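Chemist: sequence unknown, structure follows:
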C-alpha cells in the first residue's frame, strides 16, 4: 500500500483492483494520444481509517512536438458532497417508508405548496 500527501491528509491507496486497472487503461490512452483528458472518482482511506472521496481530473502537458510530455492531475476532495448525497438518499427512503406504511393518507408539500410525496 502506497501513501501520498493530499493537502493536510495522507491517503493510503486502497482502491480496488478494478479501479486501479481502469485508471491504468485511461492513463495509457492519454499517453498514446487516444484521449486528451479524463475525470474519475475514487475512494481512499486516510491514516485514521476514515473514507475520503476525491474527484480527479487528469490531463497531459504536451512537449514541443505536441506529444504528451507530462501528466497532471487536479484532485478535489468531494467527501462532504458524497456524504450529503448519501444522507439525502437515506432521508428520502425513510420518508417513503413512513408514507407507504402510514395508517392514514399522508401528503408532503414543499414551501410553495407543491405536492412532493
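Modeler: The structure has been received and is ready for your questions. Quick caveat: nothing in here was measured; it's all calculated off a predicted structure.
Chemist: CA atoms for contacts and neighbours, from now on please.
Modeler: Noted.
Chemist: now the chain, which segments are flagged as low pLDDT?
Modeler: For the chain, the stretches with pLDDT under 70 are 1-18, 117.
Chemist: now the strands for it?
Modeler: If DSSP state E is used as the criterion, the strands of the chain fall at 3-6, 9-12, 37-46, 51-62, 68-77.
Chemist: would you turn the ones you listed into TSV with distance to residue 96 and mean neighbour count?
Modeler: Output for these, formatted as TSV (distance: least, CA to CA, whole Å; neighbours: other CA atoms under 10 Å):
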stretch	distance to residue 96	mean neighbour count
strand 3-6	39	11
strand 9-12	37	17
strand 37-46	29	16
strand 51-62	28	17
strand 68-77	31	14
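Chemist: Out of those, which is closest to residue 99?
Modeler: strand 51-62 (32.5 Å; CA to CA).
Chemist: picking up where we left off before, dump the strands of the chain into a markdown table; add distance to residue 106 as well.
Modeler: Listed next are these as a markdown table, based on distance: least, CA to CA, whole Å:
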| stretch | distance to residue 106 |
| --- | --- |
| strand 3-6 | 47 |
| strand 9-12 | 46 |
| strand 37-46 | 39 |
| strand 51-62 | 37 |
| strand 68-77 | 39 |
